[in-house]
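# for reference, the sequence and a predicted model appear below.
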Amino acid sequence: MTFDETFDRVKTRSAKWTAMEAAFGLKGDDLLPMWVADMDFRAPDFLHDAARGLAEAGDFGYFNHVDSYFDAVAWWASTRHGWEIDPGWITPTASLGNAIAFAIQTWSKPGDGVAIFTPVYHEFSKKIRRNGRVVTELPLLTEAGRFTLDFDRYEALMCGTEKILLLCAPHNPGGRVWSPDELRAVAEFAERHDLIVISDEVHNDLILPGHSHVPTALAAPGIGARLVTMTSASKTFSIAGTRLGAVTIADARLRDQFAGTVARADLSPNLLGVALSRAAFSPAGAAWVDALMPYLAANFDAFRNGIGAIPGAEVHRLEGTYLAWVDFTGTGMTDAELWARTTGKARVVPSPGPAFGTGGSGGLRFNLGTQRARVDEAVARLTQAFADLQ
Ligand SMILES: Cc1ncc(COP(=O)(O)O)c(C=O)c1O
């Protein structure tokens with residue numbers, strides 16, 4: 001496996017490489033995209049084999065092996081996360097974005113509140129608002145270059161209309177891998193406010209050496225009757241285009257409620273998603289992730305060494321994910337000026353901080369799931385774009 005191999009994702013029409021004009025009005029072959037959360041590596045052979053096997057079999061009709069996907073998800077949860085689940089607890093969705101929207105529809109009504117810890121994956125608040133619910137923002141603190149939870153402040157920020165707490169674990173952006181104690185504090189908070197906890201664990205496999213992810217279900221077993229866990233092969237293996245997610249619910253009543261929403265939308269898994277996720281959640285997939293993480297960790301080191309040298313820029317310590325957060329508030333620049341320097345001068349395209357909600361202003365999120373040469377190139381260009389601060 002060589003993650004250094006270049007791969008032309010303009011040819012494959014990847015959104016990350018070809019949708020910058022639509023998203024930001026940015027044009028030009030010299031742009032270096034570091035925004036959308038997928039990786040620039042050519043898919044590993046075991047995924048090609050699965051796709052080829054499907055093509056060679058030549059049968060794209062209705063199929064009867066979704067159970068094999070549930071078994072693969074359960075096997076992966078057990079072998080990679082020490083989390084024993086019954087495959088019967090899983091409801092499939094078309095991606096985790098879809099799963100989050102369904103969860104909002106299942107456990108809240110229009111006008112109800114959904115609490116999130118910000119800055120967080122920008123789609124959380126969009127999905128809440130698109131469904132006519134109200135966002136309750138619970139801002140994270142920054143302490144010693146990483147986000148932390150601030151429960152003393154959160155009680156006063158709750159409106160009383162909240163029905164759901166939407167948790168990102170590990171956290172995007174910034175890559176905090178919440179500790180079991182932090183997860184237990186989140187669980188206690190949810191109990192105090194009688195909230196359903198949606199634990200979005202899509203980044204659960206992308207853990208940097210020296211850190212470990214504990215599923216919320218294991219850290220806080222006491223909240224089983226209010227807990228919904230979302231996982232997928234989409235981020236770990238960069239197969240988000242195949243649109244498949246797994247929603248694991250131990251509690252039978254909650255599970256029936258969620259399955260009802262999925263059934264009302266008449267949704268069932270797609271053939272390619274099942275084939276690729278099953279191939280991913282396998283011993284070959286495990287070996288690939290084990291090789292990937294040290295590579296991403298070295299990408300982060302190269303990035304932090306370079307960008308951390310820009311006066312006023314603080315690179316958060318990445319514990320999980322490949323989505324590094326840089327806090328530029330020390331430069332005193334406005335968001336517009338930061339954006340102009342990164343995209344205009346450096347021609348590097350990160351995700352803009354304000355999109356992640358309160359606490360996001362002054363920050364930028366950089367996707368390091370790419371070849372080292374591209375990380376080095378981004379560091380060189382950004383260093384140059386901020387050279388006057390030296
Ligand atoms: C925390 C989080 N949840 C969900 C998603 C969306 O996942 P999917 O592509 O499976 O909808 C993302 C994508 O970046 C994410 O970061």
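Looks like it arrived, so ask away.
# biggest helix in this structure, by residue count?
Counting residues, the longest helix found in the chain (DSSP state H) is helix 283-307.
# count residues in the vicinity of residue 262, would you?
19 (other CB atoms under 10 Å). Placement of C-beta: from N, CA and C, glycine included.
# in what element of secondary structure is it found?
helix 252-264 (DSSP states H and E).
# for that helix, buried residues please.
Using 16 or more other CB atoms under 10 Å as the burial criterion, the residues of helix 252-264 that qualify are 254, 255, 257, 258, 261, 262.
# and the residues you listed, which is closest to the ligand?
residue 262 (14.7 Å; CB to the nearest ligand atom).
# reformat the buried residues of helix 252-264 as JSON lines; add pLDDT and distance to residue 384.
Output for these, formatted as JSON lines (pLDDT from 0 to 100; distance: CB to CB, whole Å):
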{"residue": "254", "pLDDT": "98", "distance to residue 384": "52"}
{"residue": "255", "pLDDT": "98", "distance to residue 384": "53"}
{"residue": "257", "pLDDT": "98", "distance to residue 384": "54"}
{"residue": "258", "pLDDT": "98", "distance to residue 384": "50"}
{"residue": "261", "pLDDT": "98", "distance to residue 384": "50"}
{"residue": "262", "pLDDT": "98", "distance to residue 384": "50"}
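# show me the two of the residues you listed that sit farthest apart.
For these, the farthest-apart pair by CB to CB is 254 and 262; their separation is 12.8 Å.
# who's in contact with residue 68?
274, 278 (CB atoms under 8 Å, 6 or more residues apart in numbering).
# part of a helix, is it?
Yes: using DSSP: H, G, I helix; E, B strand; the rest coil, the secondary structure at residue 68 is a helix.
# coming back round to it: list the contacts of whichever helix or strand comes after the helix holding residue 262.
Toward the C-terminus, helix 252-264 is succeeded by helix 271-280 as the next helix or strand (DSSP H and E). Residues outside helix 271-280 that contact it (CB under 8 Å, 6+ apart): 46-47, 49-51, 53-54, 60, 63, 65-66, 68-69, 72-73, 94, 232-233, 236-237, 239, 242-244, 285.
# which of the residues you listed fall in helices?
Per DSSP H, the subset of those in helices is 46-47, 49-51, 53-54, 66, 68-69, 72-73, 285.
# pull the number of nearby residues for residue 158.
Neighbour count of residue 158, defined by other CB under 10 Å: 16.
# helix, strand, or coil at residue 222?
Following three-state DSSP, the label given to residue 222 is helix.
# quickly note the distance from it to residue 100.
24 Å (CB to CB, to the nearest Å).
# looking at the two, which one has more neighbours?
Taking neighbours as other CB under 10 Å, residue 222 and residue 100 compare with residue 100 leading, 28 against 12.
# can you tell me the element the more buried one falls in?
If you go by DSSP H and E, residue 100 is part of helix 95-107.
# after that helix, heading C-terminal, what element do we hit next?
Sequence order places strand 113-118 as the next helix or strand after helix 95-107, per DSSP H and E.
# so what does that next one touch, helix or strand wise?
helix 123-130, strand 134-139, strand 162-168 (3 or more CB pairs under 8 Å, 6 or more residues apart in numbering; DSSP states H and E).
# got the angle between the shortest one and helix 123-130?
Angle between the axes of strand 134-139 and helix 123-130 is 150 degrees (criterion: axes from the mean of the first three to the mean of the last three CA atoms, to 10 degrees).
# quick one: contacts of strand 134-139?
111-119, 124-125, 128-129, 150, 153-154, 157-159, 161-162, 357-359.
# quick one: buried ones out of those residues?
112-119, 124-125, 128, 154, 158, 162, 357-359.
# how about the secondary structure of residue 205?
Following three-state DSSP, the label given to residue 205 is coil.
# what count of nearby residues applies to the residue lying closest to it once chain neighbours are set aside?
Using CB to CB, 6 or more residues apart in numbering and skipping the chain neighbours, the partner closest in space to residue 205 is residue 236 (4.1 Å). A count of nearby residues for residue 236, using other CB under 10 Å, gives 23.
# per-residue confidence at residue 236?
We have a pLDDT of 98 for residue 236.
# ok, it - contacts?
204, 205, 206, 280, 285, 289.
# just the pLDDT for the closest residue in space to the last one that isn't next to it in sequence.
Spatial nearest neighbour of residue 289, chain neighbours left out: residue 205 (5.4 Å); criterion: CB to CB, 6+ apart. Note for residue 205: predicted pLDDT of 98.
# how close does residue 205 get to the ligand?
In this structure, residue 205 and the ligand are 13 Å apart, going by CB to the nearest ligand atom, to the nearest Å.
# that residue and residue 288 touch, don't they?
No: contact status for residue 205 versus residue 288: not in contact, 10.2 Å apart, counting by CB atoms under 8 Å.
# among those two, which residue is more densely surrounded?
Of the pair residue 205 and residue 288, residue 205 is the one with more neighbours under other CB under 10 Å, namely 26 against 20.
# what about the helix or strand in which residue 364 is found, average pLDDT?
Assigned by DSSP H and E, residue 364 belongs to strand 363-367. The pLDDT scores in strand 363-367 average 98.
# which strands border it, and is each parallel or antiparallel?
Next to strand 363-367 in the sheet, as set by DSSP bridges, lie strand 323-327 (antiparallel), strand 351-352 (antiparallel).
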